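K.L.:
For reference, the sequence and a predicted model appear below.
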Amino acid sequence: MKAFLAKIFAKYVHYQNQKWINHPIETQDKTFHYLLKTAQNTRFGKDHDFASIQSYEDFKARVPVRDYEGLKNYFDAIIDGEENVTWPGKPLYLAKTSGTTSGAKAIPLTKESIPTHIKSARNALLAYIYESGNASFLNGKMIFLQGNPELTKKNGIQTGRLSGIVAHFVPDYLQKNRMPSWDTNCIEDWEEKVDAIVDETQHENMTLISGIPPWMIMYFEKLLQQTDSKTVKELFPHLQLLVTGGVNYDPYRDKMNALLGKSLPCIQTYPASEGFFAYQDSQKSEELLLLLDNGIFYEFIPAEEFHQDNPTRISLESVELKKDYVLILSSTAGLWAYNIGDTVRFTSIKPYKIIVSGRIKHFTSAFGEHVIAHEVETALQATLQKFPASIIEFSVAPQVNPNVGLPYHEWLIEFGENPTCIEEFEKELDRQMCLLNVYYQDLINGNVLRPLKISLVKKHGFQNYMKSLGKLGGQNKVPRLANDRLIADKFYQLNLIETL
């Protein structure tokens, strides 16, 4: 009955979504004016004269683009319990997240914004059900590898990790199917938590597993270590669907398939504490549908202009295909012209679909090459298709002052299955990088850089690195790119690199 009703509901939601999908600019314009009107009497609204804003041009003139640090005085007031700061009243929750520049951040979740997180996660599943006609996975057990759902309360606002907050909103009809148990979910130590999840789930009829790929791999490996099963599919024969977010799934696909024993449909999503921005609405493509009716008004700055004094700042109707933009948002969470630090690339404008191309602060450009995440991920995936190998995780850093020879890009890679010949793998990976980034190619051809070098990371090396930072588990991720040696040097200090 549950699966039958889900198919009906999926069809209904699909047709409801067509209203905003087919009228994207009108939907964004409506959101824009709703946000301004609702917040015009808040402290932020008064400080920026919302009442007199009549157009997007007015908004740009009055509200500069800022990140968490730039808005910190407002966020601090919210944390202290002040009302009507950036949005009417107090937020229901504060989502704790680790910032790369601002330290710990606390992002407001309001009574208007929290439902959009829940709706979007639900609709990602419904889009799969609508397209595939399959809803039987709802009858089995579903696991969500997420943060601790325990919350603390200060100044009338509950605070916790986003995934832990969202755990309180799982619909009643899924509660009986949901795993792990509350007590297990509350375990703070990630390794202990995964062990407990393995114990709880290994004998269950698992049909859906959700989490970010590195932690799913960790869970799968521990499952196989503790059972006699050769593959996860052998242990869970009715497992049908994976749901992931936060990182590009492609580089992990081969390793995941090897552990699973077969390829499974995977729904990729794009959630963050600041909002739920997009999800994969079709298994025919890995593009993500940009969610335009989620109480978020989007702006975009061309990535190559971002660090200029007066970069171009545009709304949705002016974006171009195959161009990297820094994502800027204003929302019902009380965020205004807020830079979340991600870059996106539009792959379609009818409807508006994107891929996440990287982080504006995560790049490698020691010599002006400005290599971004989308390029390294694409190059690695293309190389993996030509070699019988798989990866667990990787990160790239410049080696500007090597002991011998020219500078180079050092790729720290933890393989699930090593390529038979690392040297050939390196050559192909470097060739793919040259195809994707003409500046990198010019530096190689001009003997400014020598071809990239792979350093093999020991088994569980990335887990041990994250553990050393106190960031093992949850939604914590290793930066794919760095413009310095901080990450790479830490790997050497911790003795996580294989000596050849």
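P.N.:
Received, thanks. Numbers count the residues shown, from 1 in each chain.

K.L.:
Quick check: buried residues in stretch 24-33?
P.N.:
Pro24, Thr27, Gln28, Asp29, Thr31, Phe32 (16 or more other Cβ atoms under 10 Å). For every residue, glycine as well, the C-beta is placed using N, CA and C.

K.L.:
contacting residues around that stretch?
P.N.:
Residues outside stretch 24-33 that contact it (Cβ atoms under 8 Å, 6 or more residues apart in numbering): 20, 56, 59, 292-293, 295-298, 315-317, 330, 351-352.

K.L.:
Would you reformat the buried residues of stretch 24-33 as JSON lines and include distance to His117, pLDDT and secondary structure?
P.N.:
Formatted as JSON lines, the buried residues of stretch 24-33 follow (distance: Cβ to Cβ, whole Å; pLDDT from 0 to 100; DSSP: H, G, I helix; E, B strand; the rest coil):
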{"residue": "Pro24", "distance to His117": "21", "pLDDT": "98", "secondary structure": "helix"}
{"residue": "Thr27", "distance to His117": "19", "pLDDT": "98", "secondary structure": "helix"}
{"residue": "Gln28", "distance to His117": "19", "pLDDT": "98", "secondary structure": "helix"}
{"residue": "Asp29", "distance to His117": "23", "pLDDT": "98", "secondary structure": "helix"}
{"residue": "Thr31", "distance to His117": "16", "pLDDT": "98", "secondary structure": "helix"}
{"residue": "Phe32", "distance to His117": "21", "pLDDT": "98", "secondary structure": "helix"}
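
K.L.:
remind me, longest strand of this protein?
P.N.:
In the chain, ranked by residue count with DSSP state E as the criterion, the top strand is strand 338-349.

K.L.:
tell me the angle the next helix or strand after that one makes with strand 338-349.
P.N.:
Sequence order places strand 352-359 as the next helix or strand after strand 338-349, per DSSP states H and E. Here the directions of strand 352-359 and strand 338-349 differ by 130 degrees (axes from the mean of the first three to the mean of the last three Cα atoms, to 10 degrees).

K.L.:
residues making contact with strand 352-359?
P.N.:
With Cβ under 8 Å, 6+ apart as the criterion, strand 352-359 contacts 24, 100, 248, 270, 278, 285-290, 292, 303, 316, 319, 324, 341-347, 372-374, 479-481.

K.L.:
Among these, name the ones in helices.
P.N.:
When DSSP state H is applied, the contacts of strand 352-359 are split such that Pro24, Ala373, His374 fall in helices.

K.L.:
before we move on, back to that, would JSON lines of the buried residues of stretch 24-33 with distance to Val404 be doable?
P.N.:
As requested, those are exported to JSON lines (distance: Cβ to Cβ, whole Å):
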{"residue": "Pro24", "distance to Val404": "55"}
{"residue": "Thr27", "distance to Val404": "58"}
{"residue": "Gln28", "distance to Val404": "55"}
{"residue": "Asp29", "distance to Val404": "59"}
{"residue": "Thr31", "distance to Val404": "57"}
{"residue": "Phe32", "distance to Val404": "57"}
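
K.L.:
what's the closest non-adjacent residue to His374?
P.N.:
Leaving out its chain neighbours, the residue that sits closest to His374 by Cβ to Cβ, 6 or more residues apart in numbering is Ser357, at 3.8 Å.

K.L.:
meant to ask about Lys90, not that
P.N.:
Glu83 (5.4 Å).

K.L.:
Are we agreed that the one you found is in a strand?
P.N.:
No. Under DSSP: H, G, I helix; E, B strand; the rest coil, Glu83 falls outside any strand and is assigned coil.

K.L.:
Tell me the confidence at it?
P.N.:
Confidence at Glu83, expressed as pLDDT, is 96.

K.L.:
ditto for the one 10 residues further on
P.N.:
As predicted, Tyr93 sits at a pLDDT of 95.

K.L.:
distance of it from Ile314?
P.N.:
Using Cβ to Cβ, to the nearest Å, one obtains 32 Å as the distance from Tyr93 to Ile314.

K.L.:
Look at these two and report which has more neighbours.
P.N.:
When Tyr93 and Ile314 are compared for neighbours, Tyr93 comes out ahead with 27 against 18, by other Cβ atoms under 10 Å.

K.L.:
Pairing partners for that one in the sheet, please.
P.N.:
Leu109, Gln158 (DSSP bridges).

K.L.:
Let me know whether it touches Gly164 as I believe.
P.N.:
No. Contact criterion Cβ atoms under 8 Å: Tyr93 and Gly164 do not qualify, at 9.8 Å.

K.L.:
so what sits against both of these two?
P.N.:
Joint contacts of Tyr93 and Gly164 (Cβ under 8 Å, 6+ apart) are Leu151.

K.L.:
What is the burial count for Lys19?
P.N.:
When neighbours are counted by other Cβ under 10 Å, Lys19 comes out with 11.

K.L.:
In which helix or strand does it reside?
P.N.:
helix 2-21.

K.L.:
Now do that helix: which elements does it pack against?
P.N.:
helix 114-132 (3 or more Cβ pairs under 8 Å, 6 or more residues apart in numbering; DSSP states H and E).

K.L.:
tell me which residues of the helix it packs on are tucked away?
P.N.:
So helix 114-132, judged by 16+ other Cβ under 10 Å, has buried residues 114, 116-117, 119-130.
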